[in-house]
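1. return atomic coordinates for the entry below.
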Amino acid sequence: MRVICLSAGRSSRLMPLTAQIHKSALRVAGWPILDWQMHSFWLAGIRDVVVVAGHGSDETRRLLGGWKNRLAIDIVQNDEFDRRNLDYSLFSASQYLEGNVLYFEGDLLLPPLLLEALADSTSEITIAASGSSKSERVDAIVRRVGNTIHLECSEHGSLDVHGSEGEFVCAFKLAGGSAEKLRHKLALSTFAGQIRLYQYLSELMTEFRTNILNTAAQPWIEIDNLADLQRATAVVDAFGFRPNTGDS
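-> Residues are numbered from 1 along each chain as shown. Next comes the predicted model:
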């Protein structure tokens, strides 16, 4: 099982804290977000990690160095993070989009049990959704119409989860053909304007058997702003571990 973690953007909503570093280097309960992520991957049995770095990549690489005794880490450098959208970060790592792949955004904190459930799913596509909203402003929700599942998105918006399958957690698993199809779709993208990744995922969910994993009972957070960063301590307190690197 491989995870591709996108950690390249500038994170303007967390400035000035992210002026020199990526937000995954910010600390929650005394440890960098990135350490929480890597330890969660390790506890979930995920050993193959690809990180797309860009803004603040020197510090990102330094932090990742402590995990190379436990995890097989590949770092993909995206120097276009200010000129191209998030789709390009994933496209930069498209050589790794094959087999069983877990897509993971670099501002997420997910517990190992949730990561295990994603990794163990036998569906071609498995997406995570929270039946009860855990974000102040929900910008992506999962909708089901008959047998069709799709994402409804409003960048930096505030969507109502009522009547939907829940808030989309920015993590999903692809297996086999769905990963290859996504790679082909990304290759045709212009990487300009609003991201199209979630549209591509919606298109794939009409083709491939899709499972929705309800995360409402699990502690998790997507850190978009200072309020999220402050709330994150209570979330990781429920994880049941404290990070330590492979050198510890």
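2. for the chain, which segments count as helices?
-> Using DSSP state H, the helices of the chain run over 33-43, 57-65, 86-92, 112-120, 177-187, 197-207, 226-237.
3. closest to residue 152 out of these?
-> The closest of these to residue 152 is helix 197-207. By Cβ to Cβ, the value is 8.8 Å. Heads up, the C-betas are built off the backbone N, CA and C, glycines and all.
4. just the buried positions in stretch 205-219, please.
-> If you call a residue buried by 16 or more other Cβ atoms under 10 Å, then stretch 205-219 has these buried ones: 205, 208, 210, 212, 213, 214, 215, 218, 219.
5. so which of the residues you listed is the closest to residue 35?
-> Taking Cβ to Cβ as the measure, residue 35 lies nearest residue 219 of the buried residues of stretch 205-219, at 16.8 Å.
6. my read: the closest one touches residue 235, true?
-> Yes: counting by Cβ atoms under 8 Å, residue 219 touches residue 235, with 4.9 Å between them.
7. out of the helices of the chain, which comes closest to residue 138?
-> That would be helix 226-237 among the helices of the chain, by Cβ to Cβ, at 12.5 Å.
8. would you mind confirming that residue 14 is in contact with residue 225?
-> Yes: using Cβ under 8 Å, residue 14 is in contact with residue 225, at 6.5 Å.
9. neighbour-wise, which of these two wins?
-> Neighbours were counted for residue 14 and for residue 225 using other Cβ atoms under 10 Å; residue 14 has more, 20 against 16.
10. burial of the residue lying closest to that one once chain neighbours are set aside, as a residue count?
-> In space, and not counting its chain neighbours, residue 14 is closest to residue 23: 5.3 Å by Cβ to Cβ, 6 or more residues apart in numbering. Residues near residue 23, counting by other Cβ under 10 Å, number 26.
11. show me the contacts for residue 23.
-> Contact analysis of residue 23 by Cβ atoms under 8 Å, 6 or more residues apart in numbering lists 11, 14, 17, 33, 106, 107, 223.
12. from the buried residues of stretch 205-219, which land in strands?
-> Counted as lying in strands by DSSP state E, out of those, are 210, 212, 213, 214.
13. still on that earlier bit, only whichever of the contacts of residue 23 are buried, select them in ChimeraX.
-> Remark: buried members of these, expressed as a ChimeraX selection using 16+ other Cβ under 10 Å:
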select :11,14,33,106,107,223
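14. so which of the contacts of residue 23 comes closest to residue 61?
-> The nearest member of the contacts of residue 23 to residue 61, counting by Cβ to Cβ, is residue 106 at 13.6 Å.
15. for the protein, which spans come out with low pLDDT?
-> 132-137, 155-157, 246-248 (pLDDT under 70).
16. which residue of it lies farthest from its centroid?
-> residue 146 (27.2 Å; Cα atoms, centre = their mean).
17. for residue 159, see how far away it is.
-> As defined by Cβ to Cβ, to the nearest Å, residue 146 lies at a distance of 21 Å from residue 159.
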